[in-house]
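>>> this one's structure only:
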């Protein structure tokens, strides 16, 4: 009996030492397969195989996990483009521009997409707002934030040094004016970019009717085509009041567009 007991004990420990490492390895492989890098890689494989629905699902899963990047939104836009959902492709490219505004591939694909939709790049606002947006269009929100902090530090250092070095006072007026102008323009550009993400939207349906009132039977004022960008200025239950690039205002069904910000 003792020998049988020893045999079963030895067998138990042997099985335990064999199964536990195998189980750990299996769990590790499963975790690696669900890692962000693995999900992104698999979504890219789906895209290359022409399985655009699966690719979109993979990219959206990463976004739902709180992960965002220019390449992620760029690939998502390409998937929607290939699938024929051009409004959502515009939306994804707009989000990608917030991370990689200078990417050549993104610019080329976006320009081609706008041609497919018969849309022109449009800037909103008055001449000053358009000028500032053009000057800082290549800058991201993160870059502008760092740039503003840098200018602030330079201003403080210059003011402190001016207290100890009289020669600096000769140029202080000109330097302070230049730095102040840069700071104001950068701060304004940063505010515009933040507002752009929170207030602007893209029409994702084939066509959207902009009405005089937020009512289904209200008179249509103008129509918006798929992929058109608009500024949301007011919200009502199930409706958005939007401003077109030419400042025309109208109410459109909330389901026909999506905000650029999440």
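That came in fine, so what should we check first? Every value quoted in this text rests on a predicted model; they were computed, and no experiment measured them.
>>> grab the nearest non-local neighbour of residue 58.
Nearest residue to residue 58, sequence neighbours excluded (CB to CB, 6 or more residues apart in numbering): residue 43, at 3.0 Å. Any C-beta I mention is one placed from the backbone N, CA and C, and that applies to glycine too.
>>> spit out the contact partners of the one you found.
54, 55, 57, 58, 59, 62, 75 (CB atoms under 8 Å, 6 or more residues apart in numbering).
>>> so which of these are in helices?
Residues of the contacts of residue 43 located in helices (DSSP state H): 54, 55, 57, 58, 59, 62, 75.
>>> hang on, the earlier thing: of the contacts of residue 43, buried ones?
54, 55, 58, 59, 62, 75 (16 or more other CB atoms under 10 Å).
>>> the fourth one and residue 227, how far apart?
Taking CB to CB, to the nearest Å as the measure, residue 59 falls 19 Å from residue 227.
>>> before we move on, the earlier item: redo the buried ones among the contacts of residue 43 as TSV? Include distance to residue 218.
Converted to TSV, those look like this (distance: CB to CB, whole Å):
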residue	distance to residue 218
54	41
55	39
58	41
59	37
62	40
75	40
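>>> want to throw the residues you listed into a markdown table with distance to residue 113 and pLDDT?
Below are the buried ones among the contacts of residue 43 laid out as a markdown table (distance: CB to CB, whole Å; pLDDT from 0 to 100):
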| residue | distance to residue 113 | pLDDT |
| --- | --- | --- |
| 54 | 22 | 95 |
| 55 | 17 | 96 |
| 58 | 21 | 95 |
| 59 | 17 | 95 |
| 62 | 22 | 94 |
| 75 | 14 | 96 |
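>>> just to revisit the earlier point, what is the nearest of the contacts of residue 43 to residue 194?
Of all the contacts of residue 43, residue 194 sits closest to residue 62, with 23.6 Å by CB to CB.
>>> domain assignment for this protein?
If you go by automatic domain parsing, the domain ranges for the chain are 36-116, 127-198, 200-259.
>>> does residue 209 count as helix, strand or coil?
Classification of residue 209 by DSSP: H, G, I helix; E, B strand; the rest coil places it in strand.
>>> name the nearest residue to it, ignoring sequence neighbours.
Closest to residue 209 by CB to CB, 6+ apart is residue 220, at 4.5 Å.
>>> for residue 130, same thing?
residue 123 (4.5 Å).
>>> mean confidence for the helix or strand harbouring residue 46?
Using DSSP states H and E, residue 46 sits in helix 36-48. For helix 36-48, mean pLDDT is 92.
>>> please apply the same query to stretch 216-233.
For stretch 216-233, mean pLDDT is 93.
>>> in it, what's buried?
For stretch 216-233, the neighbour count (16+ other CB under 10 Å) marks 221, 224, 226, 227, 228, 229, 230, 231, 232 as buried.
>>> assign the last one to helix, strand or coil.
Spelled out, it's residue 232. Criterion first, three-state DSSP; result for residue 232: strand.
>>> begin at 24 from here
Yep, numbering from 24; the last one is residue 255 now.
>>> which stretches in the stretch 74-223 of the chain count as helices?
Assigned by DSSP state H, counting those that start in this stretch, the stretch 74-223 of the chain shows helices spanning 75-87, 93-106, 109-120, 127-139, 150-158, 164-187, 189-222.
>>> reformat those as JSON lines; add distance to residue 60.
Output for the helices of the stretch 74-223 of the chain, formatted as JSON lines (distance: least, CB to CB, whole Å):
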{"stretch": "helix 75-87", "distance to residue 60": "10"}
{"stretch": "helix 93-106", "distance to residue 60": "12"}
{"stretch": "helix 109-120", "distance to residue 60": "19"}
{"stretch": "helix 127-139", "distance to residue 60": "21"}
{"stretch": "helix 150-158", "distance to residue 60": "35"}
{"stretch": "helix 164-187", "distance to residue 60": "22"}
{"stretch": "helix 189-222", "distance to residue 60": "26"}
